[in-house]
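> Coordinates for the following, if possible.
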Amino acid sequence: MGRVYVDARVFDRRNRTTHFLVDTGATYSIVPPSLARAVGVTPLAAKFGVTLADGTVRTVKACTMGIELCGRTGPMTALIVPGSEPLLGVETLEVLGLRVNPSTGELEPTRAHGALLVGVRP
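Reported below is the predicted structural model:
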């Protein structure tokens, strides 16, 4: 299938359109510290141990921000990883109700709506 890249708008106090690599093997999304600062997010106070694809264990900060992609918006949990490129993980795709079509390499909906709340009463 090759690499899949998408442009998405991320936002908190400010917003930026960013070019993301879509990684269906990654749980969380990743943003470089410069992007987190550019949109004005406040990192969570705690740091988290994560294992990178090459087996390296790192301790990193995390944050939440909004994301708009394919006409859908939702909250995104992102790890703030110095030296990284913006990466969209499976958790973000699931929140937005999107998947990668392996035949076309494009994102497509998995359901009619973006963020889906189950068990919440009107």
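
> what packs against the longest strand seen in the chain?
Longest strand in the chain by number of residues (criterion: DSSP state E): strand 57-69. Here strand 57-69 touches strand 4-11, strand 29-31, helix 33-39, strand 48-51, strand 72-80, helix 90-96, going by 3 or more CB pairs under 8 Å, 6 or more residues apart in numbering; DSSP states H and E. Yep, even glycine has a C-beta here, placed from its N, CA and C like the rest.

> burial of residue 8, as a residue count?
Using other CB atoms under 10 Å, residue 8 is surrounded by 23 other residues.

> Pairing partners for it in the sheet, please.
residue 18 (DSSP bridges).

> Note down every partner strand of the helix or strand bottoming out on mean pLDDT in the chain and its orientation.
Every helix and strand of the chain was ranked by mean pLDDT, DSSP states H and E. The lowest is strand 48-51, at a mean of 92. Using DSSP bridges, the strands paired with strand 48-51 are strand 57-69 (antiparallel).

> ok, residues contacting the partner strand?
6, 8-12, 28-29, 31, 36, 39, 41-44, 46-52, 73-81, 88, 92, 96, 98, 107 (CB atoms under 8 Å, 6 or more residues apart in numbering).

> and those residues, which are buried?
6, 8, 10-12, 28-29, 31, 36, 39, 41, 43, 50, 73-74, 76-81, 88, 92, 96, 98, 107 (16 or more other CB atoms under 10 Å).

> what's the distance between the closest residue to residue 40 other than its chain neighbours and residue 37?
Excluding the flanking residues, the one nearest residue 40 by CB to CB, 6 or more residues apart in numbering is residue 13, at 3.2 Å. The gap separating residue 13 from residue 37 is 11 Å, by CB to CB, to the nearest Å.
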